[in-house]
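Trainee: Provided below are the primary sequence and the corresponding predicted coordinates.
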Amino acid sequence: MSYTIALNFEDGVTRFIGCKEGETVLDAAYRQKVNLPMDCSDGVCGTCKGHCEQGEFDMGDEYLEEALSDEEAAEGQVLTCQMVPSSDCVIQVPVASSLCKTQVGKIEGTLAVVEQLSEDSIELAVDLDEGAELAFLPGQYIHIDVPGSEAHRSYSFSSKPGEQRATFLIRNIPNGLMSGYLTRQAKVGDRLSLTGPLGSFYLREITRPVLMLAGGTGLAPFLSMLEQLAEKGSDQPMHLIYGVNKDDHLVKVDALDAFAERLPTFTYSTVVVDEASQHPRKGYVTHHMDAEVLHDGDIDVYLCGPPPMVDAVLKHFDAEGIVPQSFHYEKFTPNQAPGEAS
């Protein structure tokens with residue numbers, strides 16, 4: 001038996017390794033040429049310390065408290081030289097990937113679908129080359145090289161991990177480099193180069209109610225998360241508020257309807273900013289975060305949107321005295337759009 005271990009480095013790079021039953025994470029990493037920090041490999045120095053965000057494992061008792069205190073262990077800190085997984089795990093490694101002699105993965109694929117869903121949204125599907133492996137955590141993003149240039153743009157996956165076809169929701173930005181390629185030049189069969197996965201915005205283990213907040217094509221990572229949740233199931237309430245500027249900017253609503261059918265605990269609502277809209281809910285997502293979806297702060301919040309949206313949500317929580325148990329967000333720079341990761 002083998003377990004998949006996601007190693008998230010502090011520079012945003014994620015590397016996936018396989019860990020054999022009874023094998024330590026450190027040994028598994030070295031076997032796959034990922035040199036995690038270490039000095040002693042005996043649980044004495046604490047150099048290999050990281051944080052396990054999710055997964056089951058055994059640490060044994062053959063390490064010194066000077067290397068890992070009881071308080072640190074209770075908080076999820078681990079010594080990778082002693083940690084023996086008994087399930088898939090996600091581990092935060094507090095150093096840059098370059099210091100561990102590893103780097104972000106590169107993969108090639110073929111453009112399979114490019115479809116303009118609305119005036120501001122494009123769906124892109126890429127068929128990965130046969131035998132290519134592209135593991136990622138739902139919510140993460142990847143760089144895609146723009147054909148005919150030396151530049152790349154970064155987009156969140158809307159597909160679930162493990163699929164041979166990777167999909168993305170891309171905002172159609174006027175005069176944008178990738179937008180221009182997709183709307184004027186792209187054709188099925190074009191070759192594309194991808195680099196990743198990247199990012200610390202990804203789905204954690206669901207142990208309490210979840211509130212998802214999406215702005216525009218920031219819906220993309222939630223589609224990936226919901227795909228995985230629908231497959232695994234969850235008994236926790238999950239609510240998504242999906243906000244756009246105009247009525248015709250609402251896309252993939254049929255997919256959300258399908259998730260609501262597959263996930264009995266999942267609900268969603270849509271919001272339109274345009275005052276001239278006939279939509280039943282107008283304004284911003286902060287105008288529609290009712291008490292029943294906030295659970296008095298006993299929630300995990302996931303937000304994908306531009307800086308003003310992130311700031312507005314933070315201010316709303318502060319004004320209402322709501323302190324979520326956890327708050328994860330993808331925040332975009334001014335020259336990027338939701339769905340295009342920073």
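Mentor: That came through fine.
Trainee: in stretch 12-28, what's buried?
Mentor: Residues of stretch 12-28 classed as buried: 12-17, 19, 23-28 (neighbour count, 16 or more other CB atoms under 10 Å). C-beta here means a position set from N, CA and C on the backbone, and glycine is covered the same way.
Trainee: ok, residues contacting that stretch?
Mentor: Residues from elsewhere that reach stretch 12-28 (CB atoms under 8 Å, 6 or more residues apart in numbering): 1-9, 29, 32, 34, 36, 38, 41, 48, 78, 80-85, 89, 91, 96-97, 102-105, 135-137, 140, 196-200.
Trainee: and with 7 Å instead?
Mentor: Stretch 12-28 is contacted from outside by 1-8, 29, 32, 34, 36, 38, 41, 48, 80-85, 91, 97, 102-104, 135-137, 140, 197-200, using CB atoms under 7 Å, 6 or more residues apart in numbering.
Trainee: one more: stretch 99-117?
Mentor: So stretch 99-117 is contacted by 9, 13, 15, 34-36, 97, 122-129, 132, 134, 165, 172, 182-183, 186, 188-196, 198, 251 (CB under 7 Å, 6+ apart).
Trainee: ditto for stretch 36-52
Mentor: 26, 29, 62-64, 66-68, 76-82, 89, 91-95, 100.
Trainee: and if you look at stretch 195-207?
Mentor: The list of residues contacting stretch 195-207 from outside it, by CB under 7 Å, 6+ apart, reads 8, 12-14, 53-54, 104-106, 136-143, 221, 225, 228, 234, 236, 300, 304, 328-330, 341.
Trainee: give me the subset of the contacts of stretch 99-117 lying in strands.
Mentor: Among the contacts of stretch 99-117, the members found in strands (DSSP state E) are 9, 15, 122-128, 165, 191-196, 198.
Trainee: my read is that P94 contacts E10, right?
Mentor: Yes. Here P94 lies in contact with E10, judged by CB atoms under 7 Å, at a distance of 5.7 Å.
Trainee: so which of the buried residues of stretch 12-28 comes closest to K246?
Mentor: Distance to K246 across the buried residues of stretch 12-28 (CB to CB) is lowest for G12, with 32.5 Å.
Trainee: report pLDDT for S342.
Mentor: Looking at S342, its pLDDT is 35.
Trainee: can you check V104 too?
Mentor: 80.
Trainee: from A260, how far off is it?
Mentor: From V104 across to A260, the span is 35 Å (CB to CB, to the nearest Å).
Trainee: same deal with L223?
Mentor: 13 Å.
Trainee: can you check A112 too?
Mentor: Taking CB to CB, one finds A112 at 27 Å from A260.
Trainee: likewise I322?
Mentor: Applying CB to CB, the value for I322 to A260 is 25 Å.
Trainee: same check on K106?
Mentor: From K106 to A260 the distance is 37 Å (CB to CB).
Trainee: what packs against the helix or strand harbouring H239?
Mentor: In this structure, H239 sits in strand 238-244 according to DSSP states H and E. Under the contact definition 3 or more CB pairs under 7 Å, 6 or more residues apart in numbering; DSSP states H and E, strand 238-244 sits against strand 210-215, strand 266-272.
Trainee: one step back: closest one of the buried residues of stretch 12-28 to A312?
Mentor: Using CB to CB, these come closest to A312 at G12, 24.8 Å.
Trainee: what pLDDT does the closest one get?
Mentor: Reported pLDDT for G12: 89.
Trainee: quick one: average pLDDT of stretch 125-133?
Mentor: Here the average pLDDT along stretch 125-133 is 89.
Trainee: next, the buried residues of that stretch.
Mentor: Neighbour-count burial for stretch 125-133 [16+ other CB under 10 Å]: A125, V126, D127, L128.
Trainee: apart from its neighbours in sequence, what residue is nearest the second one?
Mentor: Pointing back at V126 there. Closest residue to V126 apart from its sequence neighbours, by CB to CB, 6 or more residues apart in numbering: G109 at 4.1 Å.
Trainee: partners of the strand or helix carrying that neighbour in the sheet?
Mentor: Per DSSP H and E: G109 is located in strand 105-118. In the sheet, strand 105-118 lines up against strand 121-128 (antiparallel), strand 191-198 (antiparallel) (DSSP bridges).
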